[in-house]
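Q: Have a look; sequence and predicted model below, questions after that.
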Amino acid sequence: MRGAETFFIDLARLIVTWLEKQGMSPLVADIVLLVIQFICIAAIVTVNIIILIWLERKISGFIQQRLGPNRLGPWGIFQTIADAIKLLTKEDIIPSQTDKIIFRTAPIVFIVISLMLYVVIPFGDGMAIVDLNMGVLYFISVGSLGTIALLMAGWGSNNKWSLLGAMRAVAQMISYEIPLAFSLLGVIMIAGSLKMSDIIAAQNNVWFVFLQPVAFITYFIAATAELNRGPFDMPEAEQELTAGAYTEYSGMRWALFFLAEYTNLFAVSAMAAVMFFGGWQGPWLPSWLWLPIKAYIIMLVFFWLKWTLPRIRMDHLMSFSWKVLIPVTLVNLVVTGCVLQFFK
Amino acid sequence: MIESDFITINVGPQHPSTHGGLHAETVLDGEHIVDVKVHLGYVHRSVEKIAESRTYTQFIPYNSRLDYLATHLPAMGYCQAVEKLLGVTVPERAEYIRVIMAELSRIASHMLFIGSLAIDIGATTGLIYCFRDRERIMDMFEMTSGQRLIASYMRIGGIAEDLPEEFYPAVKSFLDDLPYMLDEYNNLLTGNEILQARLKNTGILPADKAIAYGVSGPNLRASGIAYDIRKAEPYSIYERFDFDVPIGSKGDNWDRFLMRIREIEESAKIIRQALQDLPEGEIRAKVPRIIKPEKGAEVYHRIESSKGELGFYIVSDGSEKPYRLHVRAPSFINLGVLPLISRGGKLQDLIANIATLDPVLGEADR
Amino acid sequence: MWGSGILKGLAITLKHLFEWDITEQYPEERPNLYPRFRGRLILNPEKCIVCGMCVKTCPNNVLSFTQARLKEGKKKVLTSYTIDHQYCMFCNLCVEACPTGGLYFSHDFEWAAFNREDIKFVYEPDLSHLELASDDAEAGEKGIRASKEDKNEKLINATIIAIRKNPAKALGKILNDESEALKLAEMIGEDENKLRKMAELIVIDKEKAAKVARAFLVKGQKKEEG
């Protein structure tokens, strides 16, 4: 069991010692290791997304009493791969009136930003690529950069639907950034640190979801809005804006947006697991299995919500953020502070 | 000061939630709608002109292509119009079967309304559940007429074939399950706070405006006017059945949505009574094979279709083909109020407004 | 409480998540078709009495056939029968019209094809063992529509002769005025084309003929004046 637990850490150490034996300085060896780690992350993320997309289609199928994909491979598991191949081989269409540079870079920016989130996620005991001492802050600030990519996509497309979608995205993501950060603040106050490993360590005895239930709910709602997922999928809103900011995108460029959304989804769910469900802590299984399990369960709830609820209206969405979520999170903060002071 | 301008966007004809080929030229101030202009004609198939080159019997299958979601209703309206022109009395049993079929069509149409409204405001699963239940009605149509969507079952003077044996248990179990289906819609959609927030107080159509624009059917009743042609001017045998005409109070999207759910219940009531009283006997009156009404004879017959007042105006020139046939299509006239109820709302309300007006573009464009 | 409706909805979808699917996995599972299902329209040539009722009833000109007569007994036989399925509305009118039950709908619904021609049904029996009435063959082979055209042709010829013989009466039918009719006849004169066109119009559509004749007269008058 011990071997399984530290498998990846041992592997990394092995690589570093081997590199140093080849005559590399420790600094270069560390950089090489980081590159390897990032490639691994990219690979894991890709495979993960393939599973996620398949899972969402399966779950939505089951909810709707269908079977979902079931033709390619057992239970249709290769459907996403077939779709990806199809998207890759599609003609790359760039409408003539677009702002070419912005149009091309927007999907790349989006996917890079969503991949950057993975840098601080502790996949297991001591398995964060960088365990920043202000990891949560990094997560929140990098996460909010995605807005720029959507704005670029909407503006660069030179399409009114895209523009409307982009405007909605900006309004929505900025409004929901605040309750998202505020709901995490309660946890940070209890843990007394912005470092992910400290926060997980602080949940040794009791998960923060029991200490901060309100914060968890507000985090969950705000995260749904941040992820542009139903019932808050305003920027895409296929029934209203055809495809919102993605209207003009096709083929692999569109797929990049799609991938980035699922990348974000996993990152945000993993974050929820870290902040509220004890991160990688759990019995029996190795720690690097516990975090994905927890994240997947949270993602199932995301799927469940999306496939049940109708889309909320834009003005309701905004007023919900400013009039409900932010006051609630603020009250939660005050209460947490008072209780902490009282029991100190 | 920031300078701002209106943007004009074309909602449709290639838009996911325009129910066919509706084109709403929308002027937006941000997310607010300044004006809507409806352009029609994308599904125009010149049905009225086709009628002039078909005999009276040959035109029957084209009727279901008007309102393909409530297949038996237009066909019934047309056949009754021709019968009125000829002075034919339809046998009792045929009348009852017609009513059963018409009300089943109405339920099918309203179920699709609920489903399409659900998907238009983003609740995809609601659509699937409604389609699942509507499928049972489609099965019943297949049993009786051999076709699911565009059944040509009505004939001048009666119906094509008698009900098959397997129809009775199917319709009975459907009616028994209907309350559970409605329960499911109510729990999934009607009770949902997000849906209520989106539908309540949006797209308000005041009663006086509704009358002024000639709106009919559930959309008119949602504005609080109890006008149902089945009650106001009973055709067929509707005066024999006991049913209520549900009315709304405000005329907003929410009322229009509720109207459909309650009308499904009322239709089920009518079907139950009709099944109980279903007499034995002939299913088709004696009608000459070649129908030639007298020269200059004309008729206007209207029925309460699932969308509103569906009227057929037929002029005969003494030949075996109608000289002129006009369809008063409720979808077309109901769409007239779309700009009125959408102005001042949000873009998202426009989508809900289109959905609750329930236009069938095949009927609006004809 | 706000939110209870959402929870109820979530409960519904959660319940269905664990229910078995209700969809039909089509190629593996075959659909349960009812006896009246309208699949492909099939002709049973043995029962066909070549009456042409089906062709007359079809709203969309899907059906067409050709016929011939036997030399002995003058019995009609089918020489070919075409069902152009791409225009079929499956309205069942032809099946109802057929007096002998020679047409029926099968339960075959899988007939995708790459070419439009492929879904056309053409029945051409081998009639070499039968002796057909040779003089009738050409006229009869075109079927109902052809015979109707023939009838028109005869009428047109008759009308041309009538106009030549007695223009006042023949054209007066459409103009209701004998002097005008004479004038018209004068204008048409010996122009074969104009004469034929007029006769065609009179046979096919009287009202249109009247309109055209009036327009013609007015034009003629203007010419005279200016």
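A: On my side now, so go ahead.
Q: Strands along chain C, start to end?
A: Assigned by DSSP state E, the strands in chain C fall at C:41-43, C:63-69, C:76-84, C:103-105, C:120-123.
Q: typed the wrong thing, it's chain A
A: Remark: no strands are assigned in chain A by DSSP E.
Q: Output the lowest mean pLDDT helix or strand found in it.
A: helix A:2-5 (a mean of 65; mean pLDDT, DSSP states H and E).
Q: same thing with chain C?
A: helix C:134-140 (a mean of 48).
Q: about what we covered before: tell me the most buried of the strands of chain C?
A: strand C:63-69 (a mean of 21; mean count of other C-beta atoms under 10 Å in any protein chain shown). Backbone N, C-alpha and C define where each C-beta goes, glycine included.
Q: What is the distance between that one and the centre of its chain?
A: Centroid separation for strand C:63-69 versus its chain: 14 Å, with C-alpha atoms, centre = their mean, to the nearest Å.
Q: Sheet partners, orientation included, of it?
A: strand C:76-84 (antiparallel) (DSSP bridges).
Q: and the strand it pairs with, average pLDDT?
A: If you average the pLDDT over strand C:76-84, you get 82.
Q: likewise stretch A:148-157?
A: Here the average pLDDT along stretch A:148-157 is 87.
Q: so does it get close to chain B?
A: No. Residues of stretch A:148-157 contacting chain B under C-beta under 8 Å from any C-beta of the partner chain: none, with a closest distance of 13.0 Å.
Q: who touches that stretch?
A: A:95, A:98-103, A:105-107, A:109-110, A:113, A:162-167, A:169-170, A:173, A:228, A:235, A:244-249, A:257, A:260 (C-beta atoms under 8 Å, 6 or more residues apart in numbering or on different chains).
Q: Can you give the distance of it from its chain's centre?
A: Worked out by C-alpha atoms, centre = their mean, stretch A:148-157 lies 20 Å from the chain centre.
Q: cool, and stretch A:192-208?
A: Using C-alpha atoms, centre = their mean, the offset of stretch A:192-208 from its chain centre is 20 Å.
Q: in that stretch, what's buried?
A: A:193-200, A:202-203, A:207-208 (16 or more other C-beta atoms under 10 Å in any protein chain shown).
Q: do stretch B:23-31 as well
A: In terms of neighbour count (16+ other C-beta under 10 Å), stretch B:23-31 has its buried residues at B:23-24, B:26, B:28, B:31.
Q: Stretch A:120-138 too?
A: A:120-125, A:127-129, A:132, A:135-136, A:138.
Q: Can you give me the domain boundaries for chain C?
A: Annotated domains of chain C cover C:41-132, C:154-225 [automatic domain parsing].
Q: As a markdown table, the ones you listed with distance to A:Q212 would be great.
A: Output for the domains of chain C, formatted as a markdown table (distance: least, C-beta to C-beta, whole Å):
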| stretch | distance to A:Q212 |
| --- | --- |
| domain C:41-132 | 59 |
| domain C:154-225 | 85 |
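Q: Distance-wise, check the nearest residue to A:R71 once chain neighbours are set aside relative to C:T100.
A: In space, and not counting its chain neighbours, A:R71 is closest to A:Q79: 7.1 Å by C-beta to C-beta, 6 or more residues apart in numbering or on different chains. To C:T100, A:Q79 is 52 Å away according to C-beta to C-beta, to the nearest Å.
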